[in-house]
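[1] with the input below, show me the fold.
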Amino acid sequence: MAQTTLKGKVIDDSKYPLPGASIIIKGSTTGVITDFDGKFTIKIPKTPASLLVSYLGYTTKEVRITNQTTITIELKADSEQLEEIVVIGYGSSAKKDLTGALSEVKETATVAAQYNSVASLLQGRTSGLQVSSNTGSPGAPVSIRIRGANSLRGNNEPLYVVDGVIINSAGEDVLDGSSDSNEKQSTQNGLTGINPRDIESMVVLKDASATAIYGSRGANGVVLITTKKGKLGKAVINTFFSTTITEVTNRIPVLDGVGFANYRNDIAVLNGNPIAYAIEGNSVYSTDALGDKTGDELRQLNWQDEIFKTTFSSNIGLNISGATEKNNYYLSASFDDTNGIIPNTFLTSSNLQFNYTSQLNDRLELKTRIGVYLGRGNMNQGASISGGSRSFTRQLISYNPLLNGEIEDDQELSNPFKFIEGVEEKINEKRINASVNLTYSITDNLKYQMRAGTNYRNKSRSRWYGAETAKGSFTNGYLALANLEKTSYTFDNLLMYTKRFDNKHRLNATVGITYDGSDSNNSIYELGDFPISNLREKSPQLGELVITPFTALRFKDNIFSYLGRATYTINNKYAFNASFRADKSSKFQGTNQIGYFPAASFAWTASNEKFLKNNEVINNLKVRASWGQVGNQAISPYQTFNNYDAVFYSDPSNSTVLGIAALNIANKDLTWETTSQTNVGVDLSLFDNRITTSIDAYRKETTDLLINKSLATSTGFQNFLLNQGGLENKGIDFTIDGLVVNKEDFTFSIGGNISFNQSKITNLQALPTSDIYIDGELITTPFYEGSAVSTGNNFKSASNAFIQGQEVGLFWGYKTAGIYEDQIVADSGPTFNGNGNLAGDVIFVDVNGDGNINDLDKTNIGNPNPDFTYGINTNLTYKNFTLSALFNGVVGNDILNGNLLVEANAQGGSNNIRPEAYNDAWSPTNTTGQYPRIGSLTATNVPSDRLIEDGSFFRLNNVTLGYDFDMAEGSFFSSFKLFASGNNLLTITNYSGYDPELTSFLYDGTILGVDWVGTPNTSSFVIGANIKF
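    Below you'll find the predicted structure:
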């Protein structure tokens, strides 16, 4: 019979499409794989013929083809493969044999294409994770907390492992090249370089039984990333391209030109001066020394509208993949050109990924992986945390909205356009991630695996302030250079044994030796006074003022480990798992170098018992319990040794001489922070797996927390690092997914997750006790305050307190009781640091009743920790259409909006402010005003409950609509899919700042929940196509 073109779809027994399924004409090498929606088209030279249809975890099916032109093929789960195989630490496991708490996330290429960050791809899609991200800046940082924080001062980011190789922390960056304490280096996403399109799956390990195999690196959870590989059949070429339109989601309301002129005039009159502006209707004019109108009408601006622009970005790339019986390959290349909402900010990057697997002979398999990333960009946003004229975000909101002439003619150094034209923060980065994996089958049951991997990173940052900017004006131009070159390496030697006994017992065991290390070189160089600024990049030595001489720092550390794990399963009902790891770390000394991390877990699959075996409602019921210990080596290398640094002194002749000064008091007894975690959980599937749900309850106890103990000033040091803290986290994770409609041409599913976590500091006994007030009650307990938020005039104090017996990082400041309505009441109130009050000042509560407001009156004023986080996802397919939506939210957390210190106080300076701070300020004619009088300074530099806002939000994170075109016979394309999507489309919140999802101090565990000179978030709209050849 003549050639036949067959179109079809491959689905599972729940009617879900199976993308990547293999269809091969039996007896030939001709074959295809299914597309994103499980569809395929294949030409059959002659009928009748047989097709072999296969998919991992499903029984291969042979289908007879006679004269059909369309077909739907349903595959059944393979009981011998025990359903899905899930990647776990140092190996893989059948999903039914899992005993720990973990979540797997798989996303389509269409959805993955819209995210530039691995962490953002997890947001809202799994329980137990709190993801903080902000898309307002290209390459912006993203943070993940898995089941709360485990350290009070160390890194709380999870460990990331890509194809078995440990990579850099999300919070890692170059050293800050600036010696100015007002400067804060804007952090970038340390995971940039992993292309979400190349990811096959991500597995989040949450409980200690799952993470203990990673020992001292598993305390914060582990994210395992598996990249894609080819599918059996002919080579497939996928191309993709997309265009993204981005705009700011929110703007801070400020006084318009007329309102600002009225405000400034009121200040002038208050100070006994002539008015600053003449106002005629909606027109504003400058005035002379006598207060009379002069010159032309002033131009009225909203600086946020002037600066924030709609931007266009693009992404293009392709991948080639395929496989034979002995070889498997996947090659991808992509290019991203991302533009920021602030002019001149951008990030361009190129990614190359190559994965290759070869079965060299019957017993030896080779796997290689290499990923290359090249990126360059410009942040160009200023980095001052003082909140003053050197902070771009602050000036964008606070700068004078009245201009005489064109923006470019304004000569004020703090003009926001001066930042755009005169400030650069250039970034250049190279990354190489590579690994080689050899697996030798000694017997059918025993395998030896050797893996070597490396992660190379070279990043430079160049921060420039021209002489026309506020900062650069002091030194005739300012340049700070920083560079990081780091090589991490991993060597694993593993023996893996699998054995099935009598079809009732299964053993899966792994033992191994691993060696992980890193070698990093950091350099900083800070200069000023550039006679020819254009030569600063090629010849930075032309800077005649050396602020910080070229300084190089080198850090090395390594861990040598033994590990083992065994899983024993009986009758598909009872699974026992035990693991053990011993780590020897170069960061510690003596016997403290070695840490031991055991774990054990058990799972009972009750649905395989006789009393539930054929239950028509319950398809799967598994009860799990686990316990384990993991560690955290949350210190820099050499902290157990005396550290010294070069310093410059002036001798009696005023000459500069080089000296050496001690940087720390060494504590050779420092050791691991150890977290013990207990977890119990239940997995349940109902109604032919139409409903699946999982619930876990956990308790984590961290001991030997690293804390700083204050020292007497006579020692010459501020504090001493030691292991004497304790922390507890406990909570519940819940996930549910339901297939609501399940028809051939129409499916609809909905899922959700919710997570509750509560933290408590259990031990700070190394610190002295203090008398403090908590919720109005006097207690005596150890506590310490976090880091000061700013070094500027507005926010010099700490915002968080860490108190034994309380949740982590409670907001710490003054309670208030409104505004003094008249002078009689003001005179009767407590003094503020010994100073009296005036009508219109803020009423601070005298907590300790001594008649004076000072640090002793500080108390808890809010809580940055949420009550719960949640996510909701929906997926709908109708014929060739697909529609998905993702929602996520946070409930119950407070935000300390430090920006209100400047924006919500009519303190009498030249800053623009929020309208309500002026319109509802106290005055003799408005004694019930809710804001301080004009000129009041008592509330402008201290944290109080006036800054506390509800940080809860509900967000429409993503909506994606796709259409998969039917390809005509003989078409050049095998599939063609168009998609349109929107990200961060809607946020419902009571928070008055730019966005309730904060990234101001993302990786600083001493400043929590504080919004201070942060950047706004953005919405994006993406249009793109995926084409397969």
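[2] mind jotting down where the helices sit in the chain?
    For the chain, the helices defined by DSSP state H cover 109-112, 118-122, 208-211, 257-270, 303-307, 392-398, 416-422, 823-828, 900-903, 915-919.
[3] of those helices, which is nearest residue 364?
    helix 208-211 (30.1 Å; Cβ to Cβ). Glycine gets a C-beta too; all of them are placed from N, C-alpha and C.
[4] thinking again about what came up before, so which of the helices of the chain is the most surrounded?
    helix 208-211 (a mean of 32; mean count of other Cβ atoms under 10 Å).
[5] per-stretch mean pLDDT over the helices of the chain, give me the minimum one.
    Mean pLDDT per stretch puts helix 109-112 lowest among the helices of the chain, at a mean of 64.
[6] is the nearest residue to residue 472 once chain neighbours are set aside bridged to anything, and to what?
    Of all residues not flanking residue 472 in the chain, residue 465 sits nearest, at 3.5 Å (Cβ to Cβ, 6 or more residues apart in numbering). Beta bridges link residue 465 to residue 423, residue 478, judged by DSSP bridges.
[7] excluding chain neighbours, what is closest to residue 332?
    Leaving out its chain neighbours, the residue that sits closest to residue 332 by Cβ to Cβ, 6+ apart is residue 319, at 3.6 Å.
[8] what is the burial count for the one you found?
    Neighbour count for residue 319, taken as other Cβ atoms under 10 Å: 22.
[9] okay if I get the helices of the chain as TSV plus distance to residue 695?
    Shown next, in TSV, are the helices of the chain (distance: least, Cβ to Cβ, whole Å):
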stretch	distance to residue 695
helix 109-112	26
helix 118-122	20
helix 208-211	16
helix 257-270	53
helix 303-307	45
helix 392-398	42
helix 416-422	50
helix 823-828	54
helix 900-903	40
helix 915-919	45
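[10] those: which one's closest to residue 502?
    helix 208-211 (27.0 Å).
[11] so residue 73 makes contact with residue 10?
    Yes. Residue 73 lies in contact with residue 10 (Cβ atoms under 8 Å); the separation is 5.0 Å.
[12] ok so, going back, so which of the helices of the chain is nearest residue 167?
    helix 118-122 (10.0 Å).
[13] tell me which other helices or strands that closest one touches.
    When contacts are defined as 3 or more Cβ pairs under 8 Å, 6 or more residues apart in numbering; DSSP states H and E, helix 118-122 sits against strand 129-133, strand 142-146, strand 199-205, strand 222-227.
[14] using CSV, write down the CA coordinates of it.
    Taking Å, rounded to 0.1, in the frame of the first residue of the first chain, the C-alpha atoms of helix 118-122 are listed here in CSV:
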residue,chain,number,x,y,z
VAL,A,118,15.8,29.0,38.3
ALA,A,119,14.5,30.1,41.7
SER,A,120,11.7,32.2,40.1
LEU,A,121,10.6,29.1,38.3
LEU,A,122,9.9,27.4,41.6
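[15] next one: it to chain centre, how far?
    8 Å (Cα atoms, centre = their mean, to the nearest Å).
[16] do stretch 247-266 as well
    33 Å.
[17] what does stretch 912-921 give?
    On Cα atoms, centre = their mean, the centre of stretch 912-921 falls 35 Å from that of its chain.
[18] likewise for stretch 840-857?
    That offset, for stretch 840-857, works out to 39 Å (Cα atoms, centre = their mean).
[19] and it, end to end?
    One end of stretch 840-857 to the other measures 21 Å (Cα to Cα, to the nearest Å).
[20] buried residues, it. List them.
    840-848, 853-854, 857 (16 or more other Cβ atoms under 10 Å).
[21] before we move on, the earlier item: list the contacts for the residue nearest to residue 472?
    422-423, 471-472, 477-478 (Cβ atoms under 8 Å, 6 or more residues apart in numbering).
[22] thinking again about what came up before, for the residue nearest to residue 332, give me the pLDDT.
    Looking at residue 319, its pLDDT reads 92.
[23] residue 73: neighbour count?
    18.
[24] what's the separation between it and residue 636?
    57 Å (Cβ to Cβ, to the nearest Å).
[25] alpha carbons only: can I get stretch 294-302 in PDB?
    Presented in PDB, the C-alpha positions along stretch 294-302 are these (Å, rounded to 0.1, in the frame of the first residue of the first chain):
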ATOM      1  CA  THR A 294      10.300  86.100  38.400                       C
ATOM      2  CA  GLY A 295      11.200  84.300  35.200                       C
ATOM      3  CA  ASP A 296       9.200  81.900  33.000                       C
ATOM      4  CA  GLU A 297       6.800  79.300  34.200                       C
ATOM      5  CA  LEU A 298       8.500  76.300  35.700                       C
ATOM      6  CA  ARG A 299       8.300  72.900  34.200                       C
ATOM      7  CA  GLN A 300       6.400  70.400  36.400                       C
ATOM      8  CA  LEU A 301       7.700  66.800  36.400                       C
ATOM      9  CA  ASN A 302       7.100  63.400  38.000                       C
END
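[26] what residues sit buried inside it?
    By neighbour count with 16+ other Cβ under 10 Å, stretch 294-302 contains the buried residues 297-298, 300-302.
[27] what average pLDDT does that stretch get?
    Stretch 294-302 carries an average pLDDT of 92.
[28] same question for stretch 504-519.
    Computed over stretch 504-519, the average pLDDT equals 92.
[29] I figured residue 628 hits residue 698, correct?
    No. Counting by Cβ under 8 Å, residue 628 stays clear of residue 698, with 11.0 Å between them.
[30] before we move on, back to that, how about the buried residues of stretch 840-857, which pair is most distant?
    840 and 848 (25.0 Å).
[31] and stretch 761-770, which residues are buried?
    Buried-residue list, stretch 761-770, by 16+ other Cβ under 10 Å: 761-764, 767.
[32] and of the residues you listed, the nearest to residue 283?
    Distances from residue 283 to the buried residues of stretch 761-770, taken by Cβ to Cβ, are shortest for residue 761, at 58.3 Å.
[33] the closest one and residue 809 touch, don't they?
    No. Between residue 761 and residue 809 there is no contact under Cβ under 8 Å: 9.2 Å.
[34] what's the overlap in contacts for the two?
    residue 802.
[35] bridged to residue 484, which residues?
    Going by DSSP bridges, residue 484 forms beta bridges with residue 459, residue 522.
[36] so who does it touch?
    Residue 484 neighbours (Cβ under 8 Å, 6+ apart): 173-175, 457-460, 520-522.
[37] next one: residue 583
    Counting by Cβ under 8 Å, 6+ apart, residue 583 has contacts 215-216, 559-561, 594-595, 597, 631.
[38] pLDDT score assigned to it?
    In this model, residue 583 is scored at 92, pLDDT.
[39] got it, and residue 489?
    91.
[40] what is the neighbour count of the closest residue to it other than its chain neighbours?
    Distances taken as Cβ to Cβ, 6+ apart place residue 454 nearest to residue 489, at 4.8 Å, with adjacent residues excluded. Residue 454: 16 surrounding residues under other Cβ under 10 Å.
[41] what bridges to residue 454?
    Legend: beta-bridge partners of residue 454 under DSSP bridges are residue 434, residue 489.
[42] OK, contacts around it?
    165, 432-435, 487-490.
[43] which of these count as buried?
    165, 432-435, 488-490.
[44] ok, those residues vs residue 533, which is closest?
    Using Cβ to Cβ, residue 432 is the member of the buried ones among the contacts of residue 454 that lies nearest residue 533, at 33.8 Å.
[45] hmm, that closest one is touching residue 372, no?
    Yes. If you go by Cβ under 8 Å, residue 432 and residue 372 touch, sitting 5.6 Å apart.
[46] shared neighbours, residue 628 and residue 698?
    Counting by Cβ under 8 Å, 6+ apart, the shared contacts of residue 628 and residue 698 are 207, 677.
[47] show me the shaky parts of the stretch 1-150 of the chain.
    Along the stretch 1-150 of the chain, the model assigns pLDDT under 70 to residues 1-2, 14, 36, 78-84, 107-116, 135-136.
[48] how does it look with 80?
    Low-confidence segments of the stretch 1-150 of the chain (pLDDT under 80): 1-3, 13-16, 20, 29, 35-37, 56-57, 77-87, 92-97, 106-121, 133-142.
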